[in-house]
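Enquirer: let's see this in three dimensions:
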Amino acid sequence: MTRLIVGLGGTTRPGSSSELAVRTALQAAEAHGAETAHFGGVFLAQLPLYAPENPHRTAEQRTLVDAVRSADGLVIGTPGYHGGISGLVKNALDLLEDLRDDTRVYFDGRAVGCVVTAAGWQGCGTTLAALRSVVHAMRGWPTPLGVTLNTGGAALFDSDGTCVDPAAAAQLNLLAAQVTNFARVLAPAP
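Expert: The predicted structure is shown next:
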């Protein structure tokens, strides 16, 4: 049975390593039989700051919330900025407060793959812990594998956005397999 996996993450720079990592994981999820939807940094940058007191939502905000509402799994990617999640990604996650009154509240019953890119292993580790904590707070099931990619060394992606680091590609593929397989098990029957 085909399941929808939603990916979100990136930076305001098109083709950022965090966005390419999410895209790579989603391509692997498709190879594992999932349908995917991707919300990269350029899309996320269009979202106004989340304001809980303002019930008005833009078309982009509604599109993201509706996609996550329909999703059976997610892949969330963020750069590690000063040891934490980027504001761009956190704003998108804050918007998902709109799922609080749903039957499947927030990420309940959904597998969530966490991907972090940072220019150093310390930033990778602390940001992954922060992202996994947010996923737990939103009732999601973080996959056993969380992928951290150190962008401080050799290039991980080529100019076409293809992951050229075999270890990184293998990790993103495994993360995608975990999200997709867990989505098949955890998702409610149609």
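
Enquirer: OK, contacts around the closest residue in space to residue 45 that isn't next to it in sequence?
Expert: Nearest non-adjacent residue to residue 45, counting by C-beta to C-beta, 6 or more residues apart in numbering: residue 12, 5.0 Å away. No exception for glycine: its C-beta is placed from N, CA and C like everyone else's. Residues near residue 12 by C-beta atoms under 8 Å, 6 or more residues apart in numbering: 41, 42, 45, 88.

Enquirer: helix, strand or coil: sort out residue 12 for me.
Expert: coil (DSSP: H, G, I helix; E, B strand; the rest coil).

Enquirer: give me phi/psi at it?
Expert: Main-chain torsions, residue 12, degrees, to the nearest 10: phi -70, psi -10.

Enquirer: name the element residue 128 belongs to?
Expert: Element membership of residue 128 [criterion: DSSP states H and E] is helix 121-137.

Enquirer: partners of the following helix or strand past that helix in the sheet?
Expert: Note on helix 121-137: by DSSP H and E, the next helix or strand toward the C-terminus is strand 141-142. Sheet pairing of strand 141-142 (DSSP bridges) gives strand 111-118 (parallel).

Enquirer: quick one: the strand it pairs with to helix 121-137, angle?
Expert: Orientation check (axes from the mean of the first three to the mean of the last three C-alpha atoms, to 10 degrees): strand 111-118 against helix 121-137 gives 160 degrees.

Enquirer: just to be sure, residue 55 is in a helix?
Expert: No. Residue 55: not assigned to a helix; according to three-state DSSP it is coil.

Enquirer: that older thread, and the helix holding residue 128, how far out from the chain's middle?
Expert: 12 Å (C-alpha atoms, centre = their mean, to the nearest Å).

Enquirer: please identify the buried residues of that helix?
Expert: Neighbour counts using 16 or more other C-beta atoms under 10 Å place 123, 124, 125, 126, 127, 128, 130, 131, 132, 134, 135 of helix 121-137 among the buried residues.

Enquirer: need the contact list for the residue nearest to the second one when sequence neighbours are not counted.
Expert: It refers to residue 124. Nearest non-adjacent residue to residue 124, counting by C-beta to C-beta, 6+ apart: residue 148, 3.6 Å away. Contact analysis of residue 148 by C-beta under 8 Å, 6+ apart lists 115, 116, 117, 118, 121, 124, 125, 127, 128.

Enquirer: and which of those residues is nearest residue 20?
Expert: residue 117 (8.7 Å; C-beta to C-beta).

Enquirer: distance of the closest one relative to residue 168?
Expert: According to C-beta to C-beta, to the nearest Å, residue 117 stands 10 Å off from residue 168.

Enquirer: buried ones in the lengthiest helix in the chain?
Expert: For the chain, the longest helix by residue count, based on DSSP state H, is helix 166-186. For helix 166-186, a neighbour-count test (16+ other C-beta under 10 Å) marks 168-169, 171-184 as buried.
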